[in-house]
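1. structural data only, the sequence is not supplied:
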């Protein structure tokens, strides 16, 4: 069975106010042709379908068109919810879509067997077992207790994850034993697997306290033929195992990802074999980050203007000299250009802000942890207390950014 594994589409995503609908349209056209050329049987999207739990009507319309176009090219489409998705929104039409071989698991089900799917060939012959586990929120895994320590919370989260996967996979194995032939088992997940590198270009903010939220895949039961993961935007294997894999996002979600090669994963599953192939995704909109002193930035801009570039730019001035009219210089230089400057940042001001009690750096250019640290410095919070307060603030950010649908008290 041929499976195309992708994830983290983030439909509806904007970049510094710029709509990206043209990129999503081009991606859909490319995907449909790829499904046809490769004769894919199953399209699997491992979470974060939408960029927001409350997507616009335009984003939802595109999502349903994606389902319709993909279902014309392959027999099955399977989608699990991610931390950016609303389980209720994804699950609302699930019962209507399943008879059309569109399998949607937006959130955790009441019973483990409800997350198991048996996919069949056109003649009804069983082909593939799927343990379709979606993103599991804290409320799915544990009941908070007053006075618990961060270590106790972390242990309960890991145990809840382990137990849920064990229960769902056990149901899939029980069904597999009832079939005349041994079917391959595919398992999904939308989580942060421990052992994966944490860097600024993997599409994720570093919001974890210690190892909070990171799941050791060694806790999973044996017998999995392929683990299809979503959540990290960099395509990668986990612990060097080619059958445990993040597909990564098909589009760069920001300038930090602009240098990454994006791909989707083509998996051919047989009862005793698994072949994995990465297929590169074209770059539909060029993103460039220019960094350096003003003469270096000016030279790079003039070169792009000469070539008629239509790139979207991030410009970071790292020179030691203070340029009060940096934005005006750039706007004058690019006034008639086909390229667009989406972000201008003075790195020197940001570094200076950590040593002073003020900054004129726009808030959108600071991440939440930098703002919180600056506030503590301005209030004169002692260094030992800053560490403790920052850890608590990171845990709050973990709920807000990693689980946007978290119920706020």
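-> Cool, the structure landed. Quantities reported herein were computed from a predicted structural model and do not represent experimental measurements.
2. which SS state does the nearest residue to residue 87 once chain neighbours are set aside fall under?
-> Nearest non-adjacent residue to residue 87, counting by Cβ to Cβ, 6 or more residues apart in numbering: residue 107, 2.7 Å away. All C-beta spots, glycine's among them, are computed from the backbone N, C-alpha and C. Following DSSP: H, G, I helix; E, B strand; the rest coil, the label given to residue 107 is coil.
3. what's the neighbour count on residue 107?
-> 19 (other Cβ atoms under 10 Å).
4. how close does it sit to residue 176?
-> Per Cβ to Cβ, to the nearest Å, residue 107 is found 25 Å from residue 176.
5. do you know the pLDDT at the residue nearest to residue 87?
-> With respect to pLDDT, residue 107 scores 95.
6. ok, it - contacts?
-> Residue 107 makes contacts with 81, 87, 88, 90, 91, 134, 135, 137, 140, as judged by Cβ atoms under 8 Å, 6 or more residues apart in numbering.
7. one more time with 6 Å, if that's ok
-> Residue 107 makes contacts with 81, 87, 134, as judged by Cβ atoms under 6 Å, 6 or more residues apart in numbering.
8. ok, and the most crowded of these?
-> Within those, most neighbours by other Cβ under 10 Å means residue 81, with 30 neighbours.
9. how close does that one get to residue 104?
-> Distance from residue 81 to residue 104, by Cβ to Cβ: 8 Å.
10. what is in contact with these two at once?
-> residue 90.
11. which element is residue 305 on?
-> In this assignment (DSSP states H and E), residue 305 forms part of helix 294-307.
12. list the contacts of that helix.
-> 290, 315, 319, 323, 333, 337, 339.
13. I'd like to know which elements the next helix or strand after that helix is packed against.
-> Sequence-wise, the next helix or strand downstream of helix 294-307 (DSSP H and E) is strand 312-317. Contact here means 3 or more Cβ pairs under 6 Å, 6 or more residues apart in numbering; DSSP states H and E; on that basis strand 312-317 packs against strand 287-292, strand 340-346.
14. for this structure, what's the longest helix?
-> helix 150-177 (DSSP state H).
15. where does pLDDT dip in this protein?
-> 197-213, 348-367, 378-380, 384, 394-395, 397-409 (pLDDT under 70).
16. still on that earlier bit, measure the residue nearest to residue 87 to residue 132 for me?
-> Counting by Cβ to Cβ, the gap between residue 107 and residue 132 amounts to 11 Å.
17. next: residue 95.
-> Applying Cβ to Cβ to residue 95 and residue 132 gives a distance of 15 Å.
18. got the contact list for the residue nearest to residue 6 when sequence neighbours are not counted?
-> The spatially closest residue to residue 6, leaving aside those adjacent along the chain, is residue 264, at 4.5 Å (Cβ to Cβ, 6+ apart). Residue 264 sits next to 4, 6, 247, 279 when contact means Cβ under 6 Å, 6+ apart.
19. how about the strands in the stretch 1-150 of the chain?
-> Listed in chain order, the strands of the stretch 1-150 of the chain (DSSP state E, counting those that start in this stretch) span 2-6, 14-15, 18-19, 42-46, 76-80, 102-105, 116-120, 126-131.
20. most packed of the ones you listed?
-> Stretch with highest mean neighbour count among the strands of the stretch 1-150 of the chain: strand 42-46 (a mean of 27; mean count of other Cβ atoms under 10 Å).
21. helices or strands up against that strand?
-> With contacts defined as 3+ Cβ pairs under 6 Å, 6+ apart, strand 42-46 has these neighbours: strand 2-6, strand 76-80, strand 226-230.
22. give the partner strands of the second one in its sheet and their orientations.
-> Think strand 76-80. strand 42-46 (parallel), strand 102-105 (parallel) (DSSP bridges).
23. same deal with the last one?
-> Pairing partners of strand 226-230, with direction, according to DSSP bridges: strand 185-190 (parallel), strand 241-246 (parallel).
24. got the buried residues for stretch 267-287?
-> For stretch 267-287, a neighbour-count test (16 or more other Cβ atoms under 10 Å) marks 267, 269, 276, 278, 281, 284, 285, 287 as buried.
25. starting at the chain centroid, how far to that stretch?
-> 17 Å (Cα atoms, centre = their mean, to the nearest Å).
26. end to end on it, go ahead and measure it.
-> Start to finish, the residues bounding stretch 267-287 are 29 Å apart (Cα to Cα, to the nearest Å).
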